[in-house]
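Peer 1: need coordinates for the following:
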Amino acid sequence: MPSFSFEVPDKDSGPRLHLRRTPANGSLTAIVTCHRMIGCPTHWYGHRTIPCEPPDCPACKEGHSWRWHGYLTALNVNTNEHFLFEMTAQAADPFTKYFENHHTLRGCLFVAERLAHHHNGRVLIRYKTADLAQVKLPDPPDLIACICHIWNVPIPEASLDGQLKQVDRIRLNPKPNGNNEPVHILAPKT
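Peer 2: Numbering: from 1, shown residues only. Below you'll find the predicted structure:
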C-alpha cells in the first residue's frame with residue numbers, strides 16, 4: 001500500500017547530479033565547481049559504465065578491457081544546471097594543465113565539443129578562467145558521493161585509493177532511467 005505524505009522527504013539517497021558527457025553535436029559550456037577531478041579505471045559492461053574492481057572484477061573476468069574515466073562537477077552556463085561531467089583520460093589533459101597552473105579547477109570555464117560530431121568522436125576541451133564576478137558557483141559537492149550514486153555503490157564503501165570496501169561486487173540497477181541514476185543505493189554487505 002502506498003505511504004502518502006504532505007512533506008517532501010530529505011535527500012537521504014545522496015547527491016543527485018545528472019551525469020553529462022560531451023554532446024555529439026554542438027558543445028557544452030560550463031564552469032567547474034569542484035577543486036580537483038578524480039577518476040578510475042572503468043568498463044563498458046551491462047550497457048553502462050561501471051568501475052573496474054580488481055581482483056574479482058566480473059568485467060575483467062569476461063575479457064572486457066578497461067578505460068580510465070575522470071569526473072568533475074560543473075555548472076552549465078546556459079541552463080544553470082549543476083552536473084557531473086565524465087571524460088576520458090585524453091579529454092582530461094586540459095584540466096590537468098589548468099590544475100597545475102592554478103592549484104584548483106574551481107572557476108575553470110570550459111567548452112567541450114566533439115571534433116567528428118559523433119557520440120564517440122574525439123573530445124576537444126578549450127578552457128580559460130571564468131569571470132566569477134558574474135556568477136555565484138554552488139559549493140563543491142562530495143565528488144565521490146556523486147559518482148557512487150550514479151554507480152549504485154554505497155558511499156561509505158568507496159575510497160580514494162581505488163578500493164571499494166566491504167562490497168563483493170557492484171550489482172547493476174536493472175532499469176537505468178536514462179540519466180544513469182540508480183533507483184536505490186545498495187546497502188553495505190553485512
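Peer 1: the longest strand in the chain is where?
Peer 2: Assignment by DSSP state E gives strand 67-76 as the longest strand of the chain.
Peer 1: now that one: buried residues?
Peer 2: Using 16 or more other C-beta atoms under 10 Å as the burial criterion, the residues of strand 67-76 that qualify are 69, 70, 71, 72, 73, 74, 75. Heads up, the C-betas are built off the backbone N, CA and C, glycines and all.
Peer 1: tell me the pLDDT at the fifth one?
Peer 2: By that I understand residue 73. For residue 73, the model assigns a pLDDT of 96.
Peer 1: which strands or helices does the longest strand of the chain pack on?
Peer 2: Judged by 3 or more C-beta pairs under 8 Å, 6 or more residues apart in numbering; DSSP states H and E, strand 67-76 is in contact with strand 27-32, strand 38-45, strand 82-88, helix 89-102, helix 143-151.
Peer 1: sheet partners, orientation included, of it?
Peer 2: Its sheet considered, strand 67-76 pairs with strand 27-32 (antiparallel), strand 38-45 (antiparallel), strand 82-88 (antiparallel) by DSSP bridges.
Peer 1: count the residues that sit near residue 134.
Peer 2: Using other C-beta atoms under 10 Å, residue 134 has 7 other residues around it.
Peer 1: oh, I was asking about residue 139
Peer 2: By other C-beta under 10 Å, neighbour count at residue 139 equals 7.
Peer 1: ignoring the adjacent residues along the chain, who's closest to it?
Peer 2: Nearest non-adjacent residue to residue 139, counting by C-beta to C-beta, 6 or more residues apart in numbering: residue 33, 7.8 Å away.
Peer 1: what's near enough to touch that neighbour?
Peer 2: Contact analysis of residue 33 by C-beta atoms under 8 Å, 6 or more residues apart in numbering lists 73, 74, 75, 82, 106, 137, 138, 139, 140, 141.
Peer 1: of all those residues, which comes closest to residue 125?
Peer 2: residue 74 (11.5 Å; C-beta to C-beta).
Peer 1: how near is the closest one to residue 143?
Peer 2: 11 Å (C-beta to C-beta, to the nearest Å).
Peer 1: same question for residue 107.
Peer 2: For residue 107 relative to residue 143 (C-beta to C-beta), the value is 16 Å.
Peer 1: that'll do, ta.
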